[in-house]
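Peer 1: here is a sequence together with a model predicted from it:
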Amino acid sequence: MAWLNQIGDCVYGSVVGGEISRGPGQTIVNLSGRVGADFAIGFDVVMVTQGDQLLFGEHSTMVMVIEWDDDGRLSLREDRAPGETAGRCIQSAFECPDPLIWYRLDDSPP
């Protein structure tokens, strides 16, 4: 589940669970970035993981593209091809998952 907030062109958010937070223990992901004129958001990604009472954080990047379908449903799609390594895939022990696509809670995926 991702929570995002936009103020002007700045976007901030957090993610708990899901494929963005792979790894041992509980992971919370914090995002911050800006919406560009091309409707892309360049996010700084900080993963904070608690595993065996040890807290540590890792920094990476991710680009999400804002898209609308023909019915006006909004989605954010990670800007990379399946199989391509993402900047957010910083833990070499885990395979990088397919690109993320996020939908508004009220909108079901097409």
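Peer 2: Arrived safely, thanks for sending.
Peer 1: show me the contacts for residue 15.
Peer 2: Residue 15 sits next to 1, 2, 3, 21, 28, 29, 31 when contact means Cβ atoms under 8 Å, 6 or more residues apart in numbering. (Glycine included, C-beta is placed from N, CA and C.)
Peer 1: which residues does it bridge with?
Peer 2: residue 2, residue 29 (DSSP bridges).
Peer 1: ok, now how distant is residue 84 from residue 99?
Peer 2: Between residue 84 and residue 99 the computed distance is 8 Å (Cβ to Cβ, to the nearest Å).
Peer 1: the lengthiest strand in the chain packs against which elements?
Peer 2: Secondary structure assigned by DSSP state E gives strand 54-68 as the longest strand of the chain. Other elements packing on strand 54-68 under the criterion 3 or more Cβ pairs under 8 Å, 6 or more residues apart in numbering; DSSP states H and E are strand 26-35, strand 40-51, strand 74-78.
Peer 1: surely residue 11 touches residue 2?
Peer 2: No - assessed by Cβ atoms under 8 Å, residue 11 is found out of contact with residue 2, at 10.9 Å.
Peer 1: more neighbours, these two?
Peer 2: Taking neighbours as other Cβ atoms under 10 Å, residue 11 and residue 2 compare with residue 11 leading, 20 against 17.
Peer 1: any idea how far the more buried one is from residue 78?
Peer 2: 14 Å.
Peer 1: re the thing from before, and the helices and strands packed on strand 54-68, which one averages the lowest pLDDT?
Peer 2: Lowest mean pLDDT within these: strand 40-51, a mean of 83.
Peer 1: flag every buried residue along that strand.
Peer 2: 40, 41, 43, 45, 47, 49 (16 or more other Cβ atoms under 10 Å).
Peer 1: report the beta-bridge partners for the last one.
Peer 2: The reference is to residue 49. residue 27, residue 56.
Peer 1: my read is that it contacts residue 16, right?
Peer 2: No - using Cβ under 8 Å, residue 49 is not in contact with residue 16, being 11.8 Å away.
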